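> sequence and predicted structure, then a few things I'm wondering about:
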Amino acid sequence: MAEQTPDFLAGYRNAKLVKTVLAEIHQTVTQPWTLMEICGGQTHAIMQYGLDQLLPPEIELVHGPGCPVCVTSLELIDQALMIAKQPDVIFTSFGDMLRVPGSKEDLFSIRAAGGQVRVVYSPMDAVKIAAENPDKQIVFFAIGFETTAPANAMAVIQAEKMGLDNFSILPANVLVPPAMHAILSSPNNRIQGFLAAGHVCAIMGYWEYPPIAEQYQTPMAVTGFEPLDLVEGILQTVKMLEEGRVAVENAYSRVVTYEGNKIAQAMLAKVFKPVDRNWRGIGTIPLSGYGLQEAYQQFDATQRFDTGSIQTEESKICIAGQVLQGIKKPSECPAFGTLCTPQTPLGAPMVSSEGACAAYYRYGRKKS
Ligand code: SF4
């Protein structure tokens, strides 16, 4: 894998090269196509560099569920809030999660009321806090896709090695392939091609995707995050669509291999097992999340803390579920930019740094 220094990456932001690929896309396309970029990081890059506005009008980009903060269910957030309120708990989380609204409050309000909620940059930070605070229970909110799951697995293994009985995780990792199945099998589906998330594939490879592409006759290109990566992924997908070809191609080969990172995959299989998971606004997708294997159940915060039965009710205004499935654009939400802004978010996609609604707001994609 090439070392990605700033100078190296500058080549992937070179306007002349990006324009050359864009010109090829314009020459290639002959009819309308709807493509979904899975990852919220890709959505933000597309908006930031204005790539959506430079594509031919025939190509519509819709935005997928690849924002972990956005798809974490209200039940899990409420569960996190109940755990974080308990007196001997230090609740640790990535910063994005703190402002995501639960049913009645968020982690920030728990902290303001005296709860011990700490922002960490890695689950290993939470393990360190556990080692330093043996009289407290340390819980890490383990959100994310396959990309962040190996670090969560490593934290559990490390806590076991250190004999820490005061560390646990609230398992919330979600998986891309089951979400693709859910989107493509929906009667509302209008996705004809996918840009698969490069960072997820860096861990998992893309060997899971060809059967999905074949089953739904939907071509895919594994795509990175720089402007040149994105237009290359779009070009490869459009070429397959125009040629009537269904395949999974790799437009991010400087980082991704077909097999992925086998060591990370082995660690994931050791610590986690696939479980059904509820995706916020979408519903339960079978085997779409990671739960802890039997051997690591003692590190599961849901086993350690009784949070009772949680009843939740989603905002009646927020259409995040439709946005996350590519059915609607953020600018089609009646609350976008009025009732719902980054300062007064009604839904997670306006809070998260990877949320599509936040991207539309930040980069000025107004109501059409
Ligand atoms: S703009 Fe706000 S209310 Fe509308 S879908 Fe996005 S997060 Fe929900």
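Happy to help now that I have it. Numbering: from 1, shown residues only.
> can you pull up the bridge partners for residue 90?
residue 116, residue 138 (DSSP bridges).
> ok, now which ones touch it?
By CB atoms under 8 Å, 6 or more residues apart in numbering, the residues touching residue 90 are 116-118, 129, 133, 136-139. C-beta: built from backbone N, CA, C; applies to glycine.
> show me which of the residues you listed neighbour the ligand.
Subset of these in contact with the ligand: empty, counting by CB under 6 Å from any ligand atom.
> ok, so of those, who is nearest residue 334?
residue 117 (32.2 Å; CB to CB).
> burial of that closest one, as a residue count?
Residue 117 is flanked by 25 other residues according to other CB atoms under 10 Å.
> ok, now how distant is the residue nearest to residue 136 when sequence neighbours are not counted from residue 127?
Nearest non-adjacent residue to residue 136, counting by CB to CB, 6 or more residues apart in numbering: residue 90, 5.1 Å away. Counting by CB to CB, to the nearest Å, the gap from residue 90 to residue 127 is 12 Å.
> shared neighbours of these two, anything?
In contact with both residue 90 and residue 127: residue 138, using CB under 8 Å, 6+ apart.
> are the helix or strand encompassing residue 61 and the ligand in contact anywhere?
Secondary structure from DSSP states H and E places residue 61 in strand 59-66. No. Judged by CB under 6 Å from any ligand atom, strand 59-66 makes no contact with the ligand; its nearest approach is 10.8 Å.
> report the rounded mean pLDDT for that strand.
Strand 59-66 comes out with an average pLDDT of 94.
> before we move on, what about stretch 282-298?
Rounded mean pLDDT across stretch 282-298 is 96.
> does any bit of it sit next to the ligand?
No. Using CB under 6 Å from any ligand atom, stretch 282-298 stays clear of the ligand, with a minimum separation of 12.9 Å.
> that older thread, from the ligand, how far off is the residue nearest to residue 136?
According to CB to the nearest ligand atom, to the nearest Å, residue 90 and the ligand sit 29 Å apart.
> check residue 262 too.
38 Å.
> repeat for residue 82
When distance is defined by CB to the nearest ligand atom, residue 82 is 23 Å away from the ligand.
> same thing with residue 241?
Distance from residue 241 to the ligand, by CB to the nearest ligand atom: 28 Å.
> also residue 108?
Separation of residue 108 from the ligand (CB to the nearest ligand atom): 17 Å.
> identify the residues contacting the closest residue in space to that residue that isn't next to it in sequence.
Distances taken as CB to CB, 6+ apart put residue 98 closest to residue 108, at 4.9 Å, once the chain neighbours are dropped. Listed by CB under 8 Å, 6+ apart, the contact set of residue 98 reads 106-108, 111, 117, 119.
> residue 98 and the ligand, how far apart?
Residue 98 is 16 Å from the ligand, by CB to the nearest ligand atom.
> just say helix, strand or coil for that residue.
Secondary structure, DSSP: H, G, I helix; E, B strand; the rest coil: residue 98 is helix.
> what is the strand holding residue 61 packed up against?
strand 33-39, helix 40-48, helix 176-184, helix 227-243, helix 320-324 (3 or more CB pairs under 8 Å, 6 or more residues apart in numbering; DSSP states H and E).
> mind putting these into JSON lines with mean neighbour count, distance to residue 149 and mean pLDDT?
Shown next, in JSON lines, are the helices and strands packed on strand 59-66 (neighbours: other CB atoms under 10 Å; distance: least, CB to CB, whole Å; pLDDT from 0 to 100):
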{"stretch": "strand 33-39", "mean neighbour count": "25", "distance to residue 149": "15", "mean pLDDT": "96"}
{"stretch": "helix 40-48", "mean neighbour count": "23", "distance to residue 149": "16", "mean pLDDT": "94"}
{"stretch": "helix 176-184", "mean neighbour count": "21", "distance to residue 149": "11", "mean pLDDT": "96"}
{"stretch": "helix 227-243", "mean neighbour count": "22", "distance to residue 149": "23", "mean pLDDT": "98"}
{"stretch": "helix 320-324", "mean neighbour count": "24", "distance to residue 149": "20", "mean pLDDT": "91"}
